Every structure is written in structure tokens, then in C-alpha cells.
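**Q** Curious how this folds, go ahead:
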Amino acid sequence: MSNTLPIFPKPQNVSFTSGFFKRPKGWSLQILEPRFEEVSRDFFISNAYPFTETISSANLLVKKRKLIHLEGYYLEITPDKICIEAGQEAGVFRALNTLDKILHNKTFEQKIPCMKIEDFPVFKQRGFMLDVSRCKVPTMESIFELIDLMAKVGYNELQLYVEHTFAFADHAIVWENSSPLTGAEIKKIDQYCKARFIELVPNLNSFGHFERWLRHEAYHHLAECPTGFRREEPFMERDHGSTLKPNQASLDFMDRLYQEYLPNFSSRHFNVGLDEPWELGQGWSADQVKSQGKAKVYLQHLDGIRRLVEKHGRCMQFWADVLLEEPENAKLVPPSAKPIIWGYEADHPFAEQAKAISACGLSFCLAPGTATWRSFSGRWPTARLNLANAFTHAFKHKADGILLTSWGDCGNHQAWPIFYPSLFLAAQWGWNNQEIDDQSLAQELNKSLWPSSMADPASLLMELGKLDQIIGANIPNASLAWNILFSPQPEKMPQFLKENFPKPKLFQGVEFLKSLQHDLDKTQGFESDGKFHRELSLAIDLNLISLNKGLSMLGSPSKTNYQSTEIVARFESNWILRARTGGLEESSKLLEQALVAT
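**A** Residues are numbered from 1 along each chain as shown. Next comes the predicted model:
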């Protein structure tokens, strides 16, 4: 028999032994470690497996074994019983999760081959961060479905990126149109995560990316540039600020927010953001930055935030982009603070950055991305290479692990399912650091997400993510199709296309999309609600509309026949399949404006 066990992620070590275990009609449990009783019972109850507890003649034995890895376990299947050994409850949970996959594997039918499994994760931290601030706040059902999926493939951390989408008691003007998460909802999410051995780490940006607050007059006194700012790279022009003043008043303000926000989480960690303070030094702090330098002013404010975080009994995580502008400053960061090195392109310098942070003795993790934002269908080849880069250097430089990020910049117009391939790929590499090709990855996606489909929706999903590769586009943090519709400087787009993407390339993209639409139409019928078909069909149509707009800019007559009102209606209909209505008006208005401009 092959030594390959067809489950995902692949366990570290599997050896098949002689004989078979006959699948029982009911399970008799013997749990020899009291701490393991709750997790064992919960597993059988939640999966509706009939069971009784016994002190002898059990067909499933759960006991303690001293192991190095907190989530490690041994699972042995013999002809008369199954034995699970672990050092911690998390290890028992992972073992039972593996057992569940074995029991659901159609290959084994009524009898399961005897085997021994020794398993543990390569990385201590295997996290996923979902942006819930750029217009789209998922429904509780969608969040719970995501958590179940994450638990199934071995994640142990979730972060929900928040700028303004928490219902702070005294700040309704900031969140009133966003359908924010409430404290009661976060507590439910936290408990749901804990039951699946996932840590819900609080995430609240605390310096930059504060525009949702600072656009309101009531908060102008806190802004570095209250009347707005302009920058060239990346280009942005605002009539309000996005960064807090680096002063005590801002610290006091954040302290009050922390007092309300943090008690809803059981985690002892806290991601405070602190990335991209775009206009730091352009306004209130200009003289200070001129005399002391941007790095020193930033580090002083970072330390003020750190002291607040520790006052609230947490350990601070923060995005490391400003710190890495002068990597030698990493030695000035206290060891209680944890930098998160983020980068989203295939060639991001994770090697140099991880080496610099590691040399200072700091705990850190790397944050690659799903490459799904500022697109309609993602950039799958970029995501795969970006993840490979991050995992390689996380392993080499002994990072705690990975925080995979999925952002929603500029309206969150991407289809929800397109982050799934990255989620699964990071799960595989985070658990065992072993390669998996696209075909095998698609098989695992299909088995987990669309088991009733006789087609191959996952391969279609990944193929659609190759649109930029087909066209020959490699635009940082955006797809070409999205850029054509939403460019912040549309007057420059015709010349940009003329110089970089002549008509044959765009025509090639159009034909590619038409072929995928034909393939998509053949995959219908495997979902009762048709979510997958509806979401990907719209993604293809938005890409087609955009590429045809690009062709029009190059002098070709438009061949796209669509009504912007119909496209927006489909977008809004798809939105409420997964998310709350707050933020939808803003996102759909952005889309409508872009479509009308075509």
C-alpha cells in the first residue's frame, strides 16, 4: 500500500501497518486525561458521531503523552481500536480533525487501513487576516464558515482588520453606515474560535489609516493634516487626514478606545497596525520630524502605543514597514513588541527584512497576501510566488510563522472565493512546509468546498486568477483590469496602455475570459444557492468590461453590451450573500461611477 494518506494538509509522518479497522456503528471512548475530556466530547457531538464513554473495551482511546510540539499528536489505528496521544488539548483537536478526514475519505469505505501517524506543525503561528474595514463586513454566518474552514486546514490564528467597523459607544458618527461588529458579536466569534483552537487576535489600526475617523470634524484636532494632503507615490489626494498626530492627545484617545475594544477578546496579543502614516511630518509634526528625523518621531510614538498595550495586559504586534525604512532601528524595539513584515509581490525583499529583524532577537512573523484586492478575480501566480518567498524566509530566519492577509482596498470589489487558493496553499506550507502543485491544490479545494461538484471549480478559479499573466501585466498591488476602471489618474491611462499593453495583448485577455465563461457555465448545479457561479460570472464580466474599455482607449470600438444598472444590481445581490449591507452603498457607488465613466 502507498505511504500517502489522502488528507490535507499532509501529515508529517505516516506509516501503514498490517490489517484493517472496521468502521464502528458507534464509538466507545476512554479518555485517560481529564483535560482532554471536553475537546473529545465536543468533537463527537459537533460531528454527530454516536458515542458512549467507557472505562474498558474502548474503540477510541485518548491519553496524554509528553511532546515537544504543543499541537503535535500521535494517532495509531490498529484492528481493534484507535489510539490518540497528545500533550495538550490542541494536539487532541488536531488528531481528531485528522481522524474525521480519514473517516470521511471515500477510499476507505467500511474499513480503514491500520496506520501510525506522527504529526505536528512546522510553524507555531499560522494565521489569516481578513479586512473587514474596506466596506465589506461579513455576516456572522460567513465568519463562522470561515473559522470552520480554517480549523479544518490547520490554522490557529484569525485577525479581523478594523479601522472603524467596531461599534464604539461614543463614536457612532464614524461607524453608523458600516454595519459594525459589536462587542457581543466579537465575544461570540472569540468563543467560536477558542472551541476550534484558533486565537482571535484583536486588530485595530492606531496611527495611520485613520481616515474614517479624521474625515469628521469632531476628530480634526487629532489629525496630522486636518485639511488633507497629497502624495505622489503611491498617488493620493485627500481633503482630510489619514494619520493621527504623534502626541499624548492621540495616545489618550487610543487608550480610551482600547478600554472598550480589548475586553471582548481573550487573546493576550494585539495588532495595533501603525503602518503607512502617509502624511507624517507634513503637518503638525513637521518641525519635529525636520529636527529629529521621521524614524525617531515614529519610534517614540510606537513606544507610547506599546506602553498602552502592555497597560491593558497585551503584547503588541505591529506592521514593520516604517521600521524597515531604516532596519538598524529594529534594535531599538523592546523585545515585548512583535514586528509583522508584510509584502505582497513575488519579489518582495523578505530575505533582507527577515534577516534584519531576526538579527535583533525579536519575535516576528511574515505577512504575505492573497493578491486579491484591487482586482476582480485576483492574481494567483503572484500570490503563489509571494507565499513561496515568505515561507522560505520565515523558515530560514526562524520566524514564528505567517499571517496571510486578504485586503479590500478601494471598495472590496473582488469575488469572495478568490482568496481560497491562497488560504489552502498557506495552510499546507504552514503545517508541513511541503510543496503542492496547482492540480493537487485544486483537488483539495474541491473536496473541502465543493464536494458535490462533478466539474473542477477550483481549477477554474485559479485559471481566472491568471488573467494578468495572460496579458503580461505585473502591476504592484492591482490587476490591470481593475486599474483601467479605477485608476486614480484616469487621464494617464490611455498613454500607459499604449506604451505597455497594445491591442493584441488586451484582445488575448478578452478571448481568455470568454473561454472561461464558457467553462464556468458548465459547472452550474453543484450549489443550491449558486454562489460560486454568480460571483465568478460577475468577476469575468467586470474584467471583460474593463479590457474592452482599454481597447476603446486604444481606438478599437467597444464590443461590450451591458447596462451599468444591471451590473451594479448583480454586484449588490452577490454582496449580501456573504456580507452585511453597511458599506455596500459606498462600494456600489464607486463601481457605478467607474462603469458610467466607460
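**Q** Could you list the low-confidence segments of this structure?
**A** Along the chain, segments meeting pLDDT under 70 span 1-3, 598.
**Q** per the record, what domains does it have?
**A** 13-119, 133-435, 457-596 (automatic domain parsing).
**Q** For S448, find the nearest of the ones you listed.
**A** Ranking the domains of the chain by their distance to S448 (criterion: C-beta to C-beta) puts domain 133-435 first, at 6.5 Å. Using the backbone N, CA and C atoms, a C-beta is placed for each residue, glycine as well.
**Q** Can you get me the start-to-end distance on that closest one?
**A** The first residue of domain 133-435 is 33 Å away from its last residue (C-alpha to C-alpha, to the nearest Å).
**Q** Adding mean neighbour count and distance to K447, write the domains of the chain out as CSV.
**A** Below are these laid out as CSV (neighbours: other C-beta atoms under 10 Å; distance: least, C-beta to C-beta, whole Å):
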stretch, mean neighbour count, distance to K447
domain 13-119, 16, 9
domain 133-435, 20, 10
domain 457-596, 17, 9
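**Q** what's the closest of those domains to N446?
**A** Nearest of those (C-beta to C-beta): domain 457-596, 4.9 Å.
**Q** returning to what we had before: mind checking which of the domains of the chain is nearest W450?
**A** Comparing the domains of the chain under C-beta to C-beta, the one sitting nearest is domain 457-596, at 5.1 Å.
**Q** how much space between F168 and Y261?
**A** Distance, F168 to Y261, by C-beta to C-beta, to the nearest Å: 7 Å.
**Q** Next: S57.
**A** 51 Å.
**Q** Then Q524?
**A** Counting by C-beta to C-beta, the gap from Q524 to Y261 is 43 Å.
**Q** cool, and K531?
**A** Separation of K531 from Y261 (C-beta to C-beta): 32 Å.
**Q** what's the answer for D347, then?
**A** Distance from D347 to Y261, counting by C-beta to C-beta: 36 Å.
**Q** what does C83 give?
**A** Separation of C83 from Y261 (C-beta to C-beta): 44 Å.
**Q** residue contacts, A167?
**A** Neighbouring residues of A167 by C-beta atoms under 8 Å, 6 or more residues apart in numbering: W175, P180, L181, T182, G183.
**Q** would you list those residues in TSV and tack on secondary structure?
**A** Listed next are the contacts of A167 as TSV, based on DSSP: H, G, I helix; E, B strand; the rest coil:
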residue	secondary structure
W175	helix
P180	coil
L181	strand
T182	coil
G183	helix
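**Q** Looking at the residues you listed, which one is closest to R307?
**A** Of the contacts of A167, the one sitting nearest to R307 (C-beta to C-beta) turns out to be G183, at 24.2 Å.
**Q** where along the stretch 301-450 of the chain do the strands fall?
**A** 315-319, 338-342, 365-367, 401-406 (DSSP state E, counting those that start in this stretch).
**Q** hang on, S546 in a helix?
**A** Yes. S546: assigned to a helix according to three-state DSSP.
**Q** which residues touch it?
**A** S546 is in contact with F376, A481, W482, I484, L485, counting by C-beta under 8 Å, 6+ apart.
**Q** ok, the second one - contacts?
**A** So that's A481. Contacts of A481 were listed using C-beta under 8 Å, 6+ apart, and they are S375, F376, L467, D468, G509, L542, N543, S546, L547.
**Q** Same list (these) but as JSON lines, adding distance to S267.
**A** Shown next, in JSON lines, are the contacts of A481 (distance: C-beta to C-beta, whole Å):
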{"residue": "S375", "distance to S267": "31"}
{"residue": "F376", "distance to S267": "34"}
{"residue": "L467", "distance to S267": "38"}
{"residue": "D468", "distance to S267": "37"}
{"residue": "G509", "distance to S267": "44"}
{"residue": "L542", "distance to S267": "37"}
{"residue": "N543", "distance to S267": "39"}
{"residue": "S546", "distance to S267": "40"}
{"residue": "L547", "distance to S267": "44"}
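**Q** Which pair in the residues you listed has the greatest spatial separation?
**A** D468 and L542 (14.1 Å).
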